[in-house]
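K.L.:
pasting the sequence and the predicted model now:
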Amino acid sequence: MMQTAIDKIRELRALHEDGLLSRQEFDLRKNAILDAAHAPPAPAAASAARGTELGLMAGQLVGPANRRYRLERLIALGGMGQVWQATDLATHAELGHSAQVALKILSPELTESAGHAKLLVQEATRARRLAHEHIVRVYDWAQDPATSSYFVIMECLEGDDLERLMAREGALPLARAIDLLRPVAAALDYAWERHRLVHRDIKPANVFVTARGEVKLLDFGIAARARAGGRMALDAPALSGTPGYRAPEAGTPDSMPSRALDVYAVAVMVHQMVAALDAPAAPEAVRPPGLEDAQWEALRSGFAADPAVRPRSVSELLDRLEAPASAPAEAPQAEPLEVALEPAAAPAPEPAPEPARAPERASAAAPEPVPDPAEQQAAQQAATALERARAAAAQAARQQLREQQKRERAEAEVARRARREALREQLAARRDEEVAKARQAQDEIQRKALQAKAAAAYLAEQERARTQPAPAAPQAAAAAAPAVPPAVPPTLLRDRFLAGEGEGPELVALRAGRFQMGSPEHERKIAMACGAQKNWLARETPQHWVGIERPFAIGRYPVTVGQWRAFAEASGWQPGGEVNWAAPGFPQTDLHPVVGVSWHDAQAYLAWLGERTGQRYRLPSEAEWEYACRAGTHTAFSFGDAIDTTRANYDGNFTWNGGPRGEYRRGTTPVDAFAPNPWGLHDMHGNVWEWVQDVMHDSYQGAPVDGSAWESGGERARRILRGGSWLYNPRYLRSALRNGFSAVMSNDIVGFRVVRELPDGFPEPDLS
């Protein structure tokens, strides 16, 4: 029956390769053939199965109102439902770019089954905890209100599953099969050792090879977990798994979750890969060509009927297959010498006299025989040969001893040379360390001198500011802040370039202090009413006290187009993103904030600025940014709990807490177009998102409380953005709101501002 199934699948594959059968139809028919070949006989009165057609199409929107996905193309089709590539529209709205995901959508028939819906939710919940490089990443699950179908949101992969790769490449060498399955073994080891999970549905369709050659293990939907006490947490049917790859003991009730289930499936896969079979066959039926006896025995142990006979893990199975066949052992050359030396170590009886003494003892009973000359000659030759053998053995022993002593002397010489070389390296390292310390001390002296010079320039600037009348505020700024109390004049600082031509951004010096970071509950409730999502608001919790231990100076404005142009021309920096900072798609001048720069681009600018000024520049920590943004306030925004488009640049089509609608400017505005916050900082709300130093974390659990950047743990590929932008709703402009974005990406809504460290003894500004 299995051979008939294989022949049918080959015919189907030929039709598919000739373009007469779609991939979708091929998968449907192939799965039906395999199920019929491996399934037990059905009862006589079996009811007809209901259809699983979802009726989905490209361009259709699925998901709840606050998390919509647009279906792009059908990726795969199976008994559980369909897998689609989709665009995450909520991510597009939040971050300004379209994230591609994969949706595994449960069929309507299975959706009506509470058990299958529960399995899908459990799969998503379980898989979210499996953080391994060779396990496909699962983000969440949801239910579509229109079709009531549940679906899982997963990482979108480009490439082919192992089943298609095998169909394309044919028979695979054993080494190639092992290389493809090593990542699977690592993923299974991780799932067992960290979560006590057994996959239970290993098959080629659940192993994915990406376009970059990465291997990902899919579908932990029917995984079994060992609970405390040795019992198995098994929520899927006992006979779950794919026929042909399912171990004989898989249907045993009350059985323990055993890694032997996955070992069996992988052994069947290896057999299928190296034997170029279109479907799993009885493993004993065909011995793949090219396998040595030891490798064939190792493979047979993997699909043994008795689980106890199989290797303990997939990794062990692959190790056995990879081990070379043992070669016939060769006797060491020195062994005969050791045996030959043993008789010579103690005096041995002379062989010749023994025959002479024996006749003497027997002379009374028998006449003395006449010696045979031939026998005497043979005995003499034997004695001579024995003596020569002893002499040769002794000579060989002496030669062996001399060679051993020679080797020992050579090894001792090598060891002496190694010790001398290590000593020379230690002395050189010590000299280098002393030179580095001297250079560092010299650099520190020079840095302190430059800082003292900057401090003197700062004090002189403050003295001039006291003797000159303060300039009038811009008319637009004055009109924009009728409800804001009069702000304290900022303590300004600006570093000139060491070469004398140019200067750094204008800075506001802030003293050390203490503030409450995060959002209070009543503010989060208002944000929810305005459309915020719970997972975003969870990032702002728990609200906690943070102490800013050192004063610092922060950019009065975001870095401008003019300042970035000076850097780009002087350093030869070239953009690597899709957005042209010089022409982002809306008009701008040198006084607009620069956009189209990634987090790494900002780091390059800070390094260049530090070299030009002799000062230490960096991005603000997230705590420093919120401390500067709040400026001593406890409200949603630094100007109160209300906001309108006369105070910040955002999408005025949306409102906050019943406030008025306003202007939507569709691009950035000059950095001084709006009134500053109470500490003299402009554009802390809106205009452009601003990079900070911190790594993305989903909450403040474990965050530093000293104002330093949080760079351990979290998602290192993503960095924090603060402040909102011209494209976003007003709820994103709150002082407490946190966003995360890829550090290597750039777009037309993200910029940054700088922080300069202040030297010890720098006069603290009065912010009271």
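P.N.:
Thanks, I have the structure now. Numbering: from 1, shown residues only.

K.L.:
wait, isn't residue 106 in contact with residue 124?
P.N.:
No - contact criterion Cβ atoms under 8 Å: residue 106 and residue 124 do not qualify, at 11.0 Å. In this view, the C-beta of every residue, glycine as well, is placed from N, C-alpha and C.

K.L.:
neighbour count: these two, which is higher?
P.N.:
Using other Cβ atoms under 10 Å, the more surrounded residue of residue 106 and residue 124 is residue 106, with 28 against 22.

K.L.:
beta partners for the more buried one?
P.N.:
On the basis of DSSP bridges, residue 106 takes part in beta bridges with residue 81.

K.L.:
give me the distance between it and residue 148.
P.N.:
Distance, residue 106 to residue 148, using Cβ to Cβ, to the nearest Å: 10 Å.

K.L.:
now residue 436: how far from residue 426?
P.N.:
In terms of Cβ to Cβ, residue 436 sits 15 Å off from residue 426.

K.L.:
what residues are up against residue 729?
P.N.:
530, 531, 650, 651, 654, 656 (Cβ atoms under 8 Å, 6 or more residues apart in numbering).

K.L.:
next, it: phi, psi?
P.N.:
phi -70, psi 160 (degrees, to the nearest 10).

K.L.:
let's have the contacts of residue 729 in TSV, adding distance to residue 167, pLDDT and neighbour count.
P.N.:
Below are these laid out as TSV (distance: Cβ to Cβ, whole Å; pLDDT from 0 to 100; neighbours: other Cβ atoms under 10 Å):
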residue	distance to residue 167	pLDDT	neighbour count
530	52	92	17
531	48	89	11
650	53	96	28
651	50	94	21
654	51	94	17
656	56	96	23
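
K.L.:
among those, name the ones in strands.
P.N.:
Using DSSP state E, no member of these falls within strands.

K.L.:
can I get these in TSV including distance to residue 750?
P.N.:
Output for these, formatted as TSV (distance: Cβ to Cβ, whole Å):
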residue	distance to residue 750
530	23
531	22
650	15
651	16
654	20
656	22
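
K.L.:
how about those residues, which pair is most distant?
P.N.:
For those, the maximum inter-member distance is 14.0 Å, found between 531 and 650 (Cβ to Cβ).

K.L.:
buried residues, the host helix or strand of residue 717. List them.
P.N.:
Mapping residue 717 onto the secondary structure by DSSP states H and E places it in strand 715-722. Of all the residues in strand 715-722, those buried under the rule 16 or more other Cβ atoms under 10 Å are 718, 719, 720, 721, 722.

K.L.:
which residues does the last one bridge with?
P.N.:
When you say that, I think you mean residue 722. Beta-bridge partners of residue 722, as defined by DSSP bridges: residue 690.

K.L.:
that one is in contact with residue 623, isn't it?
P.N.:
No - contact between residue 722 and residue 623 fails when scored by Cβ under 8 Å: they sit 10.8 Å apart.

K.L.:
domains of this structure?
P.N.:
Following automatic domain parsing, one gets these domains for the chain: 56-155, 161-322, 403-467, 488-757.

K.L.:
and the longest one, how far out from the chain middle?
P.N.:
Average the C-alpha atoms of domain 488-757, do the same for its chain, and the two points are 27 Å apart (Cα atoms, centre = their mean, to the nearest Å).

K.L.:
check the first one too.
P.N.:
Relative to the chain's own centre, domain 56-155 is displaced by 21 Å; criterion: Cα atoms, centre = their mean.

K.L.:
quote the end-to-end distance of that domain.
P.N.:
20 Å (Cα to Cα, to the nearest Å).

K.L.:
sketch out the low-pLDDT regions of the stretch 351-500 of the chain for me.
P.N.:
Low-confidence segments of the stretch 351-500 of the chain, defined by pLDDT under 70: 351-371, 439-440, 443-444, 446-489.

K.L.:
run through the helices of it in chain order.
P.N.:
Assigned by DSSP state H, counting those that start in this stretch, the helices in the stretch 351-500 of the chain fall at 353-361, 373-467, 475-480.

K.L.:
which strands or helices does the longest one pack on?
P.N.:
Using 3 or more Cβ pairs under 8 Å, 6 or more residues apart in numbering; DSSP states H and E as the contact criterion, the secondary-structure elements in contact with helix 373-467 are helix 335-344, strand 492-493.

K.L.:
mean pLDDT lowest where, among the ones you listed?
P.N.:
Here the helices and strands packed on helix 373-467 differ in mean pLDDT, and the lowest is helix 335-344 at a mean of 34.

K.L.:
ok so, going back, show me what the strand holding residue 717 is packed up against.
P.N.:
Counting contacts by 3+ Cβ pairs under 8 Å, 6+ apart, strand 715-722 is packed against helix 622-630, strand 689-696, strand 739-742.

K.L.:
name the helices or strands packed onto the longest strand seen in the chain?
P.N.:
Longest among the strand segments of the chain by residue count, using DSSP E, is strand 69-78. Counting contacts by 3+ Cβ pairs under 8 Å, 6+ apart, strand 69-78 packs against helix 23-38, strand 61-62, strand 81-88, strand 99-106.

K.L.:
that older thread, and which of the contacts of residue 729 is nearest to residue 445?
P.N.:
residue 650 (47.9 Å).

K.L.:
for that closest one, give me its contacts.
P.N.:
Residue 650 neighbours (Cβ under 8 Å, 6+ apart): 643, 685, 686, 724, 725, 726, 728, 729, 730, 732, 733.

K.L.:
tally of neighbours for the first one?
P.N.:
Put plainly, it is residue 643. 24.

K.L.:
ok, and for stretch 546-557, which residues are buried?
P.N.:
Within stretch 546-557, the residues scored as buried using 16+ other Cβ under 10 Å are 546, 548, 551, 552, 553, 554, 555, 556, 557.

K.L.:
hmm, I was thinking of stretch 252-271
P.N.:
Residues 257-271 are the ones in stretch 252-271 that count as buried (16+ other Cβ under 10 Å).

K.L.:
likewise stretch 63-78?
P.N.:
By neighbour count with 16+ other Cβ under 10 Å, stretch 63-78 contains the buried residues 63, 67, 68, 69, 70, 71, 72, 74, 75, 76, 77.

K.L.:
farthest-separated two in the residues you listed?
P.N.:
Farthest pair in those, by Cβ to Cβ: 67 and 77, 24.0 Å.

K.L.:
looking only at pLDDT, what's the mean for stretch 250-267?
P.N.:
The average of the pLDDT scores along stretch 250-267 is 80.

K.L.:
end-to-end on that stretch?
P.N.:
For stretch 250-267, the separation between the terminal residues is 15 Å (Cα to Cα).

K.L.:
how about stretch 553-570?
P.N.:
End to end - Cα to Cα - stretch 553-570 spans 24 Å.

K.L.:
same check on stretch 639-647?
P.N.:
This stretch, stretch 639-647, spans 9 Å end to end (Cα to Cα).

K.L.:
flag every buried residue along it.
P.N.:
639, 641, 642, 643, 644, 645, 646, 647.

K.L.:
and the contacts of stretch 741-750?
P.N.:
95-97, 575-579, 584-586, 595-601, 688-691, 717-719, 721, 725-728.

K.L.:
with stretch 162-174 instead?
P.N.:
Stretch 162-174 is touched from outside by 13, 160, 180, 203-205, 207-209, 269-270, 272-276, 278, 288, 290-291, 295, 321, with contacts defined as Cβ under 8 Å, 6+ apart.

K.L.:
ok, residue 544 to residue 500 distance?
P.N.:
46 Å.

K.L.:
name the residue in those two with the higher neighbour count.
P.N.:
Remark: of residue 544 and residue 500, residue 544 carries more neighbours, 13 against 7, as counted by other Cβ under 10 Å.

K.L.:
distance of residue 610 relative to residue 565?
P.N.:
According to Cβ to Cβ, residue 610 stands 19 Å off from residue 565.
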